[in-house]
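**Student:** After the sequence you'll find the predicted model.
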Amino acid sequence: MILLDGKETAKTIRGELKAEVEALAPKHGRAPGLAVILVGEDPASQVYVRNKERACAEAGIISVPHKLPADTSQQELEKLISDLNTDETVDGILLQLPLPKGLDSQRCLELIDPEKDVDGFHPVNVGKLTLGLPGFRSCTPAGVMNLLERYDIDPSGKKCVIIGRSNIVGKPQALMMLAKNATPVITHSRTKDLKAECRDADILVAALGRPGFVTEDMVKEGAIVIDVGINRTEDGLKGDCDFDAVKDKVHAITPVPGGVGPMTIAQLLVNTVQAFKQHVNA
Ligand code: NAP
């Protein structure tokens, strides 16, 4: 069994980006800049933001935090996004979700300049993904593709079953797999005989948010299993797969933690450096 080590791979990517930034920054008089907007005090979001800021620092990217109180108005948030859109030192804008109740996250996401949309959530970038045009890709599924590539796993011709149809993981994952000539199947809570679908998968991507949901009898012998799930349980962070039960049956699998999570952050950095290069015409 091959352990698809997202932690180590992400570290390698950060090192590569650091070298790239060190070469580019002096030529353009500045390093890439990422504005990070955090509204309110959601504990999980605070952890995510801290990890993203730390990763930016390691890659030589300047992250500028904008921490706003939970009672920030829609108008104030929109004003901040508009200001960041026109700020020449800002290459990427990250709006940490979820937003506190009363704030319209879709409206805010659509206000971000698509050229600075390093999370790849803007409809323009989602449309570009659908059309196979260059653009910013959603970080989690793009991180999964990057991880597969680094382990020389080619999705071409493989049946890829994805559990979950969210806009940030399931749907874009299917399109990215399709772009790599896999045959994607998106499943969800209304799918008939989910087990049979999963058992037929050469690549199984679990992104549903149910700890230990994927059991040994749902996995084909020799499959590649990508566990996107991050579930906080009494026993700590758990993925959507029962890792111990499936690990001896599969060809390769991602651990949780240390799999897709670090790759998601690495992809954010990749996207930010890409935004910087486009911005300064590097
Ligand atoms: P989400 O928006 O809640 O979507 C969950 C999807 O799973 C939905 O499409 C839902 O189907 C489907 N689902 C739920 N229960 C199911 C069941 N019993 N059988 C089949 N399908 C089921 O979740 P998300 O934002 O995509 O996140 C999914 C998981 O990935 C979460 O654990 C999240 O924490 C994790 N995540 C990790 C990263 C990372 O960096 N590693 C990034 C993002 C998310 P319906 O549409 O029919 O309701």
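**Tutor:** Arrived safely, thanks for sending.
**Student:** Check which helices and strands whichever strand or helix holds residue 176 sits against.
**Tutor:** Taking DSSP states H and E as the criterion, residue 176 maps to helix 170-179. Applying 3 or more C-beta pairs under 8 Å, 6 or more residues apart in numbering; DSSP states H and E, we find helix 170-179 packed against helix 123-131, helix 139-150, strand 159-163, strand 183-187, strand 203-206. Just so you know, the C-beta spots here come from the backbone N, C-alpha and C atoms, and that holds for glycine as well.
**Student:** tell me the most buried of the ones you listed?
**Tutor:** Highest mean neighbour count among these (mean count of other C-beta atoms under 10 Å): strand 203-206, with a mean of 27.
**Student:** And the contacts of that strand?
**Tutor:** Residues from elsewhere that reach strand 203-206 (C-beta atoms under 8 Å, 6 or more residues apart in numbering): 144, 148, 155, 158-164, 170, 173, 177, 182, 198, 213-214, 218-220, 223-229, 239-241.
**Student:** What about the ligand: which of these touch it?
**Tutor:** Applying C-beta under 6 Å from any ligand atom to those, one finds that 163, 164, 170, 228, 229 fall near the ligand.
**Student:** Surely the first one touches residue 201?
**Tutor:** When you say that, I think you mean residue 163. No. Here residue 163 does not reach residue 201: they are 9.4 Å apart, not a contact under C-beta atoms under 8 Å.
**Student:** Please, which helix or strand holds residue 82?
**Tutor:** Taking DSSP H and E as the definition, residue 82 sits inside helix 74-86.
**Student:** Which of the residues in that helix are classified as buried?
**Tutor:** The neighbour-count check on helix 74-86 (16 or more other C-beta atoms under 10 Å) flags 77, 80, 81, 84 as buried.
**Student:** possible to save these as TSV with distance to residue 275?
**Tutor:** Shown next, in TSV, are the buried residues of helix 74-86 (distance: C-beta to C-beta, whole Å):
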residue	distance to residue 275
77	21
80	18
81	15
84	12
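**Student:** So which bits of stretch 250-259 are buried?
**Tutor:** By 16+ other C-beta under 10 Å, the buried positions in stretch 250-259 come out as 250, 252, 253, 254, 255, 256, 258, 259.
**Student:** Run through the residues that contact the residue of the stretch 1-150 of the chain found nearest the ligand.
**Tutor:** Closest to the ligand within the stretch 1-150 of the chain is residue 140: 4.0 Å, counting by C-beta to the nearest ligand atom. Contact partners of residue 140, counting by C-beta under 8 Å, 6+ apart, are 168, 169, 173, 207, 228, 260, 263, 264, 267.
**Student:** if I pick residue 276, what's in contact with it?
**Tutor:** Residue 276 is in contact with 24, 31, 32, 33, 91, 92, 282, counting by C-beta under 8 Å, 6+ apart.
**Student:** Mark which of the residues you listed are buried, thanks.
**Tutor:** Among the contacts of residue 276, those buried by neighbour count (16+ other C-beta under 10 Å) are 24, 31, 32, 33, 91, 92.
**Student:** How about the secondary structure of residue 35?
**Tutor:** strand (DSSP: H, G, I helix; E, B strand; the rest coil).
**Student:** I am assuming it contacts residue 87, so please confirm or correct that.
**Tutor:** Yes. Here residue 35 reaches residue 87: they are 7.5 Å apart, a contact under C-beta under 8 Å.
**Student:** The closest residue to residue 22 other than its chain neighbours - how many residues pack around it?
**Tutor:** Using C-beta to C-beta, 6 or more residues apart in numbering and skipping the chain neighbours, the partner closest in space to residue 22 is residue 60 (6.1 Å). Neighbour count for residue 60, taken as other C-beta atoms under 10 Å: 19.
**Student:** before we move on, what about residue 156?
**Tutor:** Using other C-beta under 10 Å, the number of residues around residue 156 comes to 9.
**Student:** The chain should start at 43 in everything you say after this.
**Tutor:** Right, with 43 as the first residue, what we last looked at is residue 198.
**Student:** what sits against it?
**Tutor:** 222, 223, 224 are the contacts of residue 198 under C-beta under 8 Å, 6+ apart.
**Student:** still on that earlier bit, of residue 77 and residue 129, who's got more company?
**Tutor:** residue 77 (25 against 14).
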